[in-house]
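turn this into a model:
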Amino acid sequence: MPAPRAVIAIAGGTGSGKTTIANYISAAFPDDVALLPHDAYYKDNRNLTYEERSQLNYDHPDAFDNDLFIAHLKALKAGQAVERPVYNFSTHLREHQTLRVEPAAIIVVEGVLVLAHPELRALYDLSVFVDTDADVRILRRIVRDIHERGRTLDSVINQYLSTVKPMHEAFVEPSKRYANVIIPEGAHNKPGLEVLIAQVRHLIAQHEPSA
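Sure thing, here's the model as predicted:
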């Protein structure tokens, strides 16, 4: 009998390198890892106008549909596939199509606030915090939001100062104390990545059927 599926949570501030590390793990073990990004689970506020949606605080824990996220994570742990939302960061809406995620030996969840929610933390087997300098993170966010999400420079800076930075200080940084592993400088920290990959390999081995 295989062991229960393990869940690895990867948290950290915006632009810290969470997604890069999650994708690195997935590429290292393509047949054994399922990815579940927390930011696909923003609440769908299509009852609001675009202007109203643009003014919402997307960096507060209440911005996420954690009930659905928890239900999907529990389903994957139980060996059931899920249809996860696809979120459009330009319109601040969920797309009508979904993305099927198949269960795997390791389920990697990643997002700025995945360690800030007690009910979520109870589902993790390993918690990782990617600790990257704030100056590096904001520069990465500016590049990403302009090139990938259609934002203007002014809007990115205004959002960072009004919600991202204060919410990081209130919720993200304090959640670091719940991490089992802290990786400074994200994917640039090769020794840290090697330690993490070794732990993932150990968790996968535990899931293998016993002889």
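
flag the shaky bits of this structure, pLDDT-wise.
Scanning the chain with the threshold set as pLDDT under 70 gives 1-4, 208-211.

and the helices in it?
Along the chain, counting by DSSP state H, helices occupy 18-28, 50-54, 66-77, 118-121, 134-148, 153-159, 165-167, 190-207.

looking at those helices, which is nearest to Leu36?
Leu36 lies closest, by C-beta to C-beta, to one member of the helices of the chain: helix 66-77, at 6.4 Å. Bear in mind the C-beta positions are built from the backbone N, C-alpha and C, glycine included.

quick one: list the elements packing against the longest strand along the chain.
Longest strand of the chain, by residue count under DSSP state E: strand 93-101. The elements that strand 93-101 packs onto, with contact taken as 3 or more C-beta pairs under 8 Å, 6 or more residues apart in numbering; DSSP states H and E, are strand 33-37, strand 82-88.

and the spatially closest residue to Val86 that is not a sequence neighbour, how far from Val195?
Leaving aside its sequence neighbours, Val86 sits nearest to Glu95 (C-beta to C-beta, 6 or more residues apart in numbering; 4.3 Å). Going from Glu95 to Val195 by C-beta to C-beta, to the nearest Å gives 37 Å.

with Phe89 instead?
Between Phe89 and Val195 the distance is 32 Å, computed by C-beta to C-beta.

now swap in Arg141 and tell me
As judged by C-beta to C-beta, Arg141 and Val195 stand 27 Å apart.
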